[in-house]
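**Student:** Make a model of this:
(2 chains)
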Amino acid sequence: AQKITQTQPGMFVQEKEAVTLDCTYDTSDQSYGLFWYKQPSSGEMIFLIYQGSYDEQNATEGRYSLNFQKARKSANLVISASQLGDSAMYFCAMREGLYNQGGKLIFGQGTELSVKP
Amino acid sequence: NAGVTQTPKFRVLKTGQSMTLLCAQDMNHEYMYWYRQDPGMGLRLIHYSVGEGTTAKGEVPDGYNVSRLKKQNFLLGLESAAPSQTSVYFCASSYHRETEDQETQYFGPGTRLLVL
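**Tutor:** Here you go, the predicted structure:
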């Protein structure tokens, strides 16, 4: 069965420093997609970054990058130059099923990030 | 564009009551999803739809029904609410794709449901 594991329930980081949030996944599919979402205290789910299983380069979106290590089945999120507004819950997710058949998302349990001034 | 909207934002039900949650999207997306989020957990898929008139079960479908009579709307129904259905419900939508390129699911703001 497909599974997403986030082993860090909570993390602290100093403002302006970089932080890595861990995510490992388990799947037997050849094609899959990996996502990171941010959920601030207001509750909405904000898409951050996507990595396709066939992408050879790590995805980047501004201060966010995804450290994709396919052989180790890990998809860690790196946030550079942390800001106070980065304090939130972060979820790693994986698409289950084919992208052209309504790929459904499986979520990890989340990591709560707190940025200290 | 309003994106994905959900109605209502908050609701309190008594055990055994019924209600319908409405999700609407104005992005012409083919796929729509209903998830629930419980404290300390990630989101879990309840039901989803790959197109108008079609629905399918997700990971936790028991106690819920769905309908997608129009492409832009996806309804989630609770026929007889139970305290275990107290949760935050998120609707999401996404494009149909023919290639594995950039994907994302766009989420609504959520509906908080309390069943007493």
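**Student:** outside of the helix or strand where A:V115 lies, which residues touch it?
**Tutor:** Per DSSP states H and E: A:V115 is located in strand A:111-116. The contact list for strand A:111-116, computed with CB atoms under 8 Å, 6 or more residues apart in numbering or on different chains, reads A:6, A:8-15, A:19, A:21-22, A:79, A:82-90. Every C-beta, even on glycine, is put in place using the N, C-alpha and C of the backbone.
**Student:** next one: that strand to chain centre, how far?
**Tutor:** 14 Å (CA atoms, centre = their mean, to the nearest Å).
**Student:** Which positions within that strand qualify as buried?
**Tutor:** A:T111, A:E112, A:L113, A:V115 (16 or more other CB atoms under 10 Å in any protein chain shown).
**Student:** Also stretch B:66-84?
**Tutor:** For stretch B:66-84, the neighbour count (16+ other CB under 10 Å) marks B:V66, B:R68, B:K71, B:F74, B:L75, B:L76, B:L78, B:A81 as buried.
**Student:** same check, this time on stretch B:56-67
**Tutor:** Quick answer for stretch B:56-67 (16+ other CB under 10 Å): B:G58, B:V60, B:P61, B:Y64, B:V66.
**Student:** what pLDDT, on average, does that stretch get?
**Tutor:** Mean per-residue pLDDT for stretch B:56-67: 95.
**Student:** Next up, the contacts around the closest residue to chain A within chain B.
**Tutor:** Minimum separation of chain B from chain A (CB to the nearest CB) falls at B:G42, amounting to 3.0 Å. Neighbouring residues of B:G42 by CB under 8 Å, 6+ apart: A:I4, A:F91, A:A93, A:F107, A:G108, A:Q109, A:G110.
**Student:** Also near chain B: which of the residues you listed, exactly?
**Tutor:** The overlap between the contacts of B:G42 and the neighbours of chain B (CB under 8 Å from any CB of the partner chain) comes to A:I4, A:F91, A:A93, A:F107, A:G108, A:Q109, A:G110.
**Student:** what number of residues lie near the last one?
**Tutor:** Taking other CB atoms under 10 Å in any protein chain shown as the criterion, the count of residues near A:G110 is 23.
**Student:** bridging residues for the residue nearest to B:R36 when sequence neighbours are not counted?
**Tutor:** Leaving aside its sequence neighbours, B:R36 sits nearest to B:S87 (CB to CB, 6 or more residues apart in numbering or on different chains; 4.4 Å). With DSSP bridges applied, B:S87 shows beta-bridge pairing to B:L113.
**Student:** give me the beta-bridge partners of the most centrally placed residue in chain B?
**Tutor:** When CA atoms, centre = their mean is applied to chain B, the residue found nearest the centroid is B:W34 (2.4 Å). In this entry, B:W34 is beta-bridged to B:H47, B:C91, by DSSP bridges.
**Student:** and it, how far is that from A:V19?
**Tutor:** 32 Å (CB to CB, to the nearest Å).
**Student:** and what of B:D26?
**Tutor:** Counting by CB to CB, the gap from B:D26 to A:V19 is 36 Å.
**Student:** same deal with B:G108?
**Tutor:** B:G108 is 28 Å from A:V19, where distance means CB to CB.
**Student:** Between these two, point out the one with more neighbours.
**Tutor:** Remark: of B:G108 and A:V19, B:G108 carries more neighbours, 27 against 19, as counted by other CB under 10 Å.
**Student:** ok, residues contacting stretch B:82-92?
**Tutor:** For stretch B:82-92, the external contacting residues (CB under 8 Å, 6+ apart) are A:43, A:45, A:105, B:4, B:6, B:15, B:21, B:23, B:25, B:32-38, B:43, B:46, B:63, B:74, B:76, B:78, B:105-108, B:110-116.
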